[in-house]
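Peer 1: Generate a structure from the sequence data that follows.
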Amino acid sequence: MNTFKLLSAEFSKLAANKAILFSVIAALLVPVVYGGILLSATWGPYDNLSNLPVAVVNNDRGALSGDQPINVGSDLVANMKEGKDLGWKFVDSAEAIKGIQKNDYYMAIIIPEDFSERVTTVTDSNPKKLELEYIQNQGLNFLASKVTETAAQKMREKLADTITENYAANILGEVSDGFGKAADGSSQLAAGTDQLHKGTNELVNSVTSKQSDITKLANGTKELKSGTGLLLNKLNEKSGDINKLANGSKQLHEGTVSLKDGSSQILAGLQKAENGSEELKNGVAERLVPGSRKVADGTGRLKDGSAELAAGAQKLVAGLEEYKKANPTVNVGPYYQQIIDGAKKISSGLNNLSTKSVALNEGAVSVADGIAYKVAPGTEALNDGLNQLVAGQTKLDQGAGKLESGAAQIAEGNAKVDKGWNELISGVTKLDSGAGKISDGNAKVDEGWKKLSQGATKLNDGAGKINDGSEKLSSGLKSGADKTGGMNDKDNINMFASPVQLKSKTVNEYEHYRDSTAPYVITLALFVGILIMSLFIDFKRPPFISSFNWFAVKFLNLASLAVVQAILLLFVVLILKVNVSNFGGLILFALVVSITFSAIVLFLAAFGGNLGRFIALGFVIMQLSITGANLPIEMLPEQYRSLSQYLPFTYSIAGFKSVISLNDFGAAISNMAILLTFLIVFALLAFVVFNFKKDRTQSQEREVTA
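Peer 2: Predicted coordinates for the structure are as follows:
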């Protein structure tokens, strides 16, 4: 069974089921009804602007322009009442604000109290611009807000032209009067320039007569500069010696300061040594000599006592031994022998003490004699020597103080000499610099005087030319006053107020507003119609049919219905007399678009069923604002411009524009080629889905039979 027989069977089955047949017919009429309703409207967004309610509040209290009363606010309101640009509602401020808050008005225009008063400041040095306040309720409708904003701008331009017209009229009158006054003044100027010419003659004679004196002055100051330069060189040559003298005296002062400090420290040390020697002398005489004698006497008594104790200990040992020998039968106990041994040790120690105390006594006697006869006299001699040394150091310290004071005076004096010498050099430097400036200045004066002489000559010549020119100026101003006096008419004033007029020309003009939305309406109608018709396509695979035949039948079925709906929609376009620049191109392009959309819907419906159709609906919504329907793609953000290149609506809308309003069939062919690419890609994807479903169905059937 080939593909076309299967397709014929599909349509026969569709015709046999009346319910499905009527549903398909209804689905075919969806794009027809949708497109017919939207394309039947012949009105535009600017056709009924007088129905848009706009509040107008006039708070202008008027003003005086010279002696004439003006009320720009009232004039503006009167102009609004005559026109039907918008639905003007003339209310007070409270009603306008309340109406905006209650969404009764699309816009409120408020004319402030000082509106006319600001007009009178146009010719002032600090003019105040007129402020016309308007409040937009953009939330009611975005397009309406743009329309009302445009109306406000036109109102501003008209006011500006009116004010400029009044300003130009006043200025032209003032200019004409000014030319007349200038002409009178120029006559007086001519008389003055004649006197100026006589004065410049006298100036030339006076300047040239003083030229020789100015030259002598310049030569003299040049010689002065040479002398100050020589003096400065001499001073600089001796500056090094003066600086060395100042530094040497400074070092001398620093040395004497160190000497004075050292002398004071030595004197302080000697004074402490003097006090110590006095105390040493007194201590030796009063404490050390008697004490040493007492030590010698004590060691003598120690010697005698230790000898007696040693003899007694020996007797005790001898007595204990004799007692033991004499009483052998007496039980003396175990400690008796220990007592005897201890007595022997005591006796031995006392003998040693007696022997050493003899030497100790002899040494103590020698020390006492040495202190009495050698140390005591030596401390007296040391004390006398230190007294003399302190007296000498005191005089030396006093002399060092005087030396330091004198060195300080020398250093201070030489420092002043060095400072004065430097100041002298600085002064002479300034004198030399000043002499140079005077010399240069007088040279420039000499040169300038020569130029002054030449300039005075030229000034005299120029004064003569000014005299001639002032007479011509007087004549020209009188002529200008006559001409400007005749310019103060309506045509001249209008030219000043509004010198530029726009001359416009429109190509590819829309006859009706609906013509601009037709590409978007047709695109959306075709896609939605195919999406609805996919609900009535049975995607169940018949037995004994290949996956290719299965895919081809369903695709041709849906594509045939897509072609029918495109033809029906084109009949509606023809009946409603939509302005189409290339109807043949429109037919061809509509058929390609409709078949392309059928491939996209076939893939989504076969892949996901109702979920796929829901994805297709989301796919439509996603494309509504980024494919050139409402805004040009060039006005979209960068990320959306990039995304729009991959969406079929972009090329569908652009292609329909090419054949409906732009008469550019070449652009339609380019967009058609891209849509055919979409057709091939989605048809292949749909075939892959059908093939996958066939394999899965066969696998399930084998599992059931097994």
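Peer 1: Walk me through the domains of the chain.
Peer 2: Using automatic domain parsing, the domains assigned to the chain come out as 3-44+512-705, 213-483.
Peer 1: Out of those, indicate the one that is most buried.
Peer 2: Most buried of those, by mean neighbour count (mean count of other Cβ atoms under 10 Å): domain 3-44+512-705, with a mean of 18. Placement of C-beta: from N, CA and C, glycine included.
Peer 1: can you map out the strands along the chain?
Peer 2: With strands called from DSSP state E, the chain shows them at 53-58, 63-65, 68-70, 87-90, 107-111, 133-136.
Peer 1: Mind listing the strands the third one pairs with, and their directions?
Peer 2: Pointing back at strand 68-70 there. Paired strands of strand 68-70, with direction, are strand 63-65 (antiparallel) (DSSP bridges).
Peer 1: Report the buried residues of the partner strand.
Peer 2: Of all the residues in strand 63-65, those buried under the rule 16 or more other Cβ atoms under 10 Å are Ala63.
Peer 1: again with stretch 69-77
Peer 2: Those would be Ile70, Asn71, Val72, Gly73, Leu76, Val77, for stretch 69-77 by 16+ other Cβ under 10 Å.
Peer 1: on that earlier part again, for the strands of the chain, could you give me TSV that also reports mean pLDDT and distance to Leu316?
Peer 2: Shown next, in TSV, are the strands of the chain (pLDDT from 0 to 100; distance: least, Cβ to Cβ, whole Å):
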stretch	mean pLDDT	distance to Leu316
strand 53-58	89	147
strand 63-65	81	151
strand 68-70	83	156
strand 87-90	84	152
strand 107-111	88	143
strand 133-136	83	140
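Peer 1: Any idea which of these gets closest to Ile438?
Peer 2: Ile438 lies closest to strand 63-65 among the strands of the chain, at 63.8 Å (Cβ to Cβ).
Peer 1: Touching the closest one from outside, list them.
Peer 2: Here strand 63-65 makes contact (Cβ atoms under 8 Å, 6 or more residues apart in numbering) with Pro69, Ile70, Asn71, Asp114, Ser116, Glu117, Val119, Thr120.
Peer 1: List just the nearest of the residues you listed to Ala566.
Peer 2: For the contacts of strand 63-65, the nearest to Ala566 is Val119 (62.4 Å; Cβ to Cβ).
Peer 1: burial measure for that closest one, as a count.
Peer 2: Per other Cβ atoms under 10 Å, the neighbour tally for Val119 reads 22.
Peer 1: ok, it to Lys345 distance?
Peer 2: To Lys345, Val119 is 143 Å away according to Cβ to Cβ, to the nearest Å.
Peer 1: Check the gap between Leu424 and Gly434 for me.
Peer 2: Distance, Leu424 to Gly434, by Cβ to Cβ: 15 Å.
Peer 1: which residues does Pro632 contact?
Peer 2: By Cβ under 8 Å, 6+ apart, Pro632 has no neighbours at all.
Peer 1: Quick check: phi and psi at it.
Peer 2: phi -60, psi 140 (degrees, to the nearest 10).
Peer 1: tell me the pLDDT at it?
Peer 2: Pro632 carries a pLDDT value of 80.
Peer 1: cool, Phe603 as well?
Peer 2: 92.
Peer 1: Same list (the domains of the chain) but as a markdown table, adding distance to Gln188.
Peer 2: Formatted as a markdown table, the domains of the chain follow (distance: least, Cβ to Cβ, whole Å):
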| stretch | distance to Gln188 |
| --- | --- |
| domain 3-44+512-705 | 65 |
| domain 213-483 | 9 |
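Peer 1: I'd like to know which of those domains is closest to Asn205.
Peer 2: Asn205 lies closest to domain 213-483 among the domains of the chain, at 9.0 Å (Cβ to Cβ).
Peer 1: where does the nearest residue to Leu309 once chain neighbours are set aside land on pLDDT?
Peer 2: Closest residue in space to Leu309, ignoring its immediate chain neighbours: Leu350 at 4.7 Å, by Cβ to Cβ, 6 or more residues apart in numbering. Note on Leu350: pLDDT of 78.
Peer 1: Might one say that Leu350 is in contact with Ala310?
Peer 2: Yes. The pair Leu350 / Ala310 is scored as a contact, 3.8 Å apart, by Cβ atoms under 8 Å.
Peer 1: any idea how far Leu459 is from Lys465?
Peer 2: As judged by Cβ to Cβ, Lys465 and Leu459 stand 10 Å apart.
Peer 1: With Ala654 instead?
Peer 2: From Ala654 to Leu459 the distance is 76 Å (Cβ to Cβ).
Peer 1: residues touching Leu675, list them.
Peer 2: Residues in contact with Leu675 (Cβ under 8 Å, 6+ apart) are Val592, Val593, Thr596, Pro648, Tyr651, Ser652, Gly655.
Peer 1: for Glu362, same thing?
Peer 2: By Cβ under 8 Å, 6+ apart, Glu362 lies in contact with nothing.
Peer 1: Now find how far off-centre stretch 339-356 is within its chain.
Peer 2: Mean C-alpha position of stretch 339-356 versus that of the full chain (Cα atoms, centre = their mean, to the nearest Å) differs by 107 Å.
Peer 1: make that stretch 231-242, sorry
Peer 2: With Cα atoms, centre = their mean, you get 58 Å for stretch 231-242.
Peer 1: what does it rub up against?
Peer 2: Stretch 231-242 is contacted from outside by Val417, Asp418, Trp421, Asn422, Leu424, Ile425, Val428, Thr429, Asp432, using Cβ under 8 Å, 6+ apart.
Peer 1: Mind checking which of those are in helices?
Peer 2: Val417, Asp418, Trp421, Asn422, Leu424, Ile425, Val428, Thr429, Asp432 (DSSP state H).
Peer 1: what would these look like in a markdown table with pLDDT?
Peer 2: A markdown table is the format used below for the ones in helices among the contacts of stretch 231-242 (pLDDT from 0 to 100):
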| residue | pLDDT |
| --- | --- |
| Val417 | 73 |
| Asp418 | 81 |
| Trp421 | 79 |
| Asn422 | 84 |
| Leu424 | 77 |
| Ile425 | 85 |
| Val428 | 77 |
| Thr429 | 87 |
| Asp432 | 81 |
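Peer 1: Reformat those residues as a markdown table; add distance to Met635.
Peer 2: Conversion of the ones in helices among the contacts of stretch 231-242 to a markdown table gives the following (distance: Cβ to Cβ, whole Å):
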| residue | distance to Met635 |
| --- | --- |
| Val417 | 88 |
| Asp418 | 83 |
| Trp421 | 84 |
| Asn422 | 79 |
| Leu424 | 83 |
| Ile425 | 79 |
| Val428 | 80 |
| Thr429 | 74 |
| Asp432 | 76 |
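Peer 1: Return the member of these nearest to Arg156.
Peer 2: For these, the nearest to Arg156 is Thr429 (70.8 Å; Cβ to Cβ).
Peer 1: Report the spatially closest residue to the closest one, excluding sequence-adjacent ones.
Peer 2: Once flanking residues are discounted, Thr429 sits nearest to Leu232: 6.0 Å by Cβ to Cβ, 6+ apart.
Peer 1: Equivalent analysis for Lys281, please.
Peer 2: Thr379 (4.1 Å).
Peer 1: Tell me if I'm right that that neighbour and Leu288 touch.
Peer 2: No. Contact status for Thr379 versus Leu288: not in contact, 9.3 Å apart, counting by Cβ under 8 Å.
Peer 1: how much space between Leu196 and Ser209?
Peer 2: From Leu196 to Ser209 the distance is 21 Å (Cβ to Cβ).
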